[in-house]
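S.K.: structure for this input, please:
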Amino acid sequence: MSSLGIIAGNRKFPQIFAKEARRNGIEKLVAVAFEGETEPEIASLVDTVEWMKLGQLGKLIDAFKQHQVREVVMVGQIAPKNLFASLRLDVRMTLLLARLKKRNAETIFGAIGEEMAKDGLELVPHANYLERLIPKPGVLTRRKPSSQEREDFQFGFEIARKIAALDIGQTIVVKRGTVLAVEAFEGTDATLKRGGELGQGDSVAVKVTKPGQDMRFDIPCVGRSTIETLKAAGISALGIEAGRTLLLEQEEVLELANKASIAIEAL
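M.R.: Predicted structure coming up:
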């Protein structure tokens, strides 16, 4: 029997992933979910769900071993800052964080993957099961980007890649060749809101992966909330990196974008 473990973060991604994994032939799904983070609906889409508090790394590893799962994916947002804020880190997680000189999503989750490997668990890329949700190059919406938006995409894409290479963030907002906002620790939504306020309409957002991105986690995602934030911020177009970005709930997302006249292009 094919089996897969899911480390389920927040928002809708874990539920979407579970459905896609079933579509790809996975028979047994075991989820580890976090109190106050993971949406309860995950329980209806997997065979087993183990609830625990964020930061209980030893308990997480034991849960997958108990259910004889060897391959595990990490899906859904788990903000590194929540690990620092937690008062319930177990010994294994505390020692892991103490060893890290550099603390960001990639180093923390990479170290978690290494710790899991000590117990025979392999953290694998969730994109392996999501090919249908990863757009190829081209315009995805009914409205095509204007010539000015395309110029800003080209400008923004190069800047965003450089920012991502410095491990600062993956999203920027630009308008007519000017960078309005750069994502850092605050996250994508806050960056879009700030950039939209500064641009006061007709700005564009660009979202990329960093060179050498570890595709086991932190792959850029676009969902309904992204489009709602773009609309509220007055951002008229979104450029995403083709072949390396997940477009969740595709039909709903593109319909929302079309209604708001937001152009989306996979670059």
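
S.K.: contact partners for the residue nearest to L130 when sequence neighbours are not counted?
M.R.: Counting by C-beta to C-beta, 6 or more residues apart in numbering, L130 lies nearest to E20, which is 5.6 Å off, once chain neighbours are set aside. All C-beta atoms are positioned from the backbone trio N, CA, C, and that covers glycine. Contacts for E20 (C-beta atoms under 8 Å, 6 or more residues apart in numbering) come out as 129-130, 132-133.

S.K.: per-residue confidence at the spatially closest residue to L54 that is not a sequence neighbour?
M.R.: Distances taken as C-beta to C-beta, 6+ apart put F34 closest to L54, at 4.7 Å, once the chain neighbours are dropped. Note on F34: pLDDT of 93.

S.K.: ranking the contacts of E20 by neighbours, who comes first?
M.R.: L130 (23 neighbours; other C-beta atoms under 10 Å).

S.K.: now do whichever strand or helix holds L238: which elements does it pack against?
M.R.: According to DSSP states H and E, L238 maps onto strand 235-240. Identification of packing neighbours for strand 235-240 by 3 or more C-beta pairs under 8 Å, 6 or more residues apart in numbering; DSSP states H and E yields helix 147-165, helix 188-199, strand 203-207, strand 263-266.

S.K.: please identify the most buried of those.
M.R.: Among the helices and strands packed on strand 235-240, the stretch with the highest mean neighbour count (mean count of other C-beta atoms under 10 Å) is strand 203-207, at a mean of 29.

S.K.: which elements pack onto that one?
M.R.: Strand 203-207 sits against helix 147-165, strand 171-175, helix 188-199, strand 235-240, with contacts defined as 3+ C-beta pairs under 8 Å, 6+ apart.

S.K.: any chance of those in JSON lines, with distance to N258 and mean pLDDT too?
M.R.: Converted to JSON lines, the helices and strands packed on strand 203-207 look like this (distance: least, C-beta to C-beta, whole Å; pLDDT from 0 to 100):
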{"stretch": "helix 147-165", "distance to N258": "16", "mean pLDDT": "96"}
{"stretch": "strand 171-175", "distance to N258": "21", "mean pLDDT": "97"}
{"stretch": "helix 188-199", "distance to N258": "19", "mean pLDDT": "95"}
{"stretch": "strand 235-240", "distance to N258": "13", "mean pLDDT": "98"}
